[in-house]
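*Asks:* Would you be able to build a 3D model of this:
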Amino acid sequence: MKQTIFTITENRPLTATVYRMVLAGDTAGIATGQFVNILLDGLYLRRPISVCDCTEGVLTLIYKVVGRGTRQMADMTAGQTLDLLTGLGNGYDLQKAGDRPLLVGGGVGVPPLYMLARLLREQGKPVSVVLGFNTKDEVFCEQDFKDLGCDVTVTTVDGSYGVQGFVTNALPATYSYFYTCGPEPMLRALYGATATSGQFSFEERMGCGFGACMGCSCHVITGGYKRICKDGPVLEKEEIVWDA
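*Replies:* The predicted structure is shown next:
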């Protein structure tokens, strides 16, 4: 974990409620699947936001406006600075991808998969991506994944764009391994619908963001719990226990 001051270079809407923020600063040690914790004026707790992409000196975040913190972020402009804790969480393990990985994202669970897709494509792997949204107006990042050379399928619950239904209605027939991030109902459904092992990134409300408060946790097969912020947010399929 490292505390760093970043400068905003871009902050613009992708949909009515989803924004892309690009920041300049020290990105050393930031890995795919990790998150950052952002200090905002007047708010006691930092706000955790997943890493969408990270290259040398450039960090990209995509976030949804859902409360005071993200509303404050949406109002920020280029040139302003933010205090970030970086290098949080354990991230995705690319070595398990196999020869034909599948990436499945739902809503604001889509952004953490972008850097993963980029790195897998840089390894020369064919990558299938399934993105799930409620309606056409909520769709974002489809073209970003296509620009990487991924095979992209979009689903919408209401059928207004792409395949009608949920991400489980659009899984490819064959894949070597899968990675996913999204709301818990989607993760539960994928757990039963997928044919291989995989890695689940959990969206969870966090307190401290680095494992001290035990405010976020997931039941695991050993009988105990893992902290989503410290031991996650990525967990292996085989270790997850879904509580009733």
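*Asks:* neighbours around the nearest residue to residue 188 once chain neighbours are set aside, how many?
*Replies:* The shortest distance from residue 188 to any non-neighbouring residue, by C-beta to C-beta, 6 or more residues apart in numbering, is to residue 242 (5.8 Å). All C-beta atoms are positioned from the backbone trio N, CA, C, and that covers glycine. Look at residue 242: counted by other C-beta atoms under 10 Å, it has 11 neighbours.
*Asks:* I'd like the distance between residue 242 and residue 192.
*Replies:* 9 Å (C-beta to C-beta, to the nearest Å).
*Asks:* Give me the below-cutoff pLDDT ranges for the chain.
*Replies:* 203-232, 244 (pLDDT under 70).
*Asks:* what packs against the biggest strand by length in the chain?
*Replies:* If you go by DSSP state E, the chain has its longest strand at strand 2-13. For strand 2-13, the packing partners by 3 or more C-beta pairs under 8 Å, 6 or more residues apart in numbering; DSSP states H and E come out as strand 18-24, helix 68-74, strand 81-88.
*Asks:* Return the angle between stretch directions for it and strand 81-88.
*Replies:* Inter-element angle recorded for strand 2-13 and strand 81-88: 120 degrees (by axes from the mean of the first three to the mean of the last three C-alpha atoms, to 10 degrees).
*Asks:* buried set for strand 2-13?
*Replies:* By neighbour count with 16 or more other C-beta atoms under 10 Å, strand 2-13 contains the buried residues 4, 6, 8, 11.
*Asks:* ok, which pair from those is furthest apart?
*Replies:* Using C-beta to C-beta, the buried residues of strand 2-13 span at most 17.8 Å, a distance reached by 4 and 11.
*Asks:* nearest to residue 158, of the buried residues of strand 2-13?
*Replies:* Out of the buried residues of strand 2-13, the member with the shortest distance to residue 158 (by C-beta to C-beta) is residue 11, at 29.2 Å.
*Asks:* Show me the contact partners of stretch 31-50.
*Replies:* 30, 51, 54, 59, 61, 63, 68-70, 72-73, 82-92, 94, 108, 111-112, 115-116, 119, 181, 199, 201, 206-210, 229, 233-234 (C-beta atoms under 8 Å, 6 or more residues apart in numbering).
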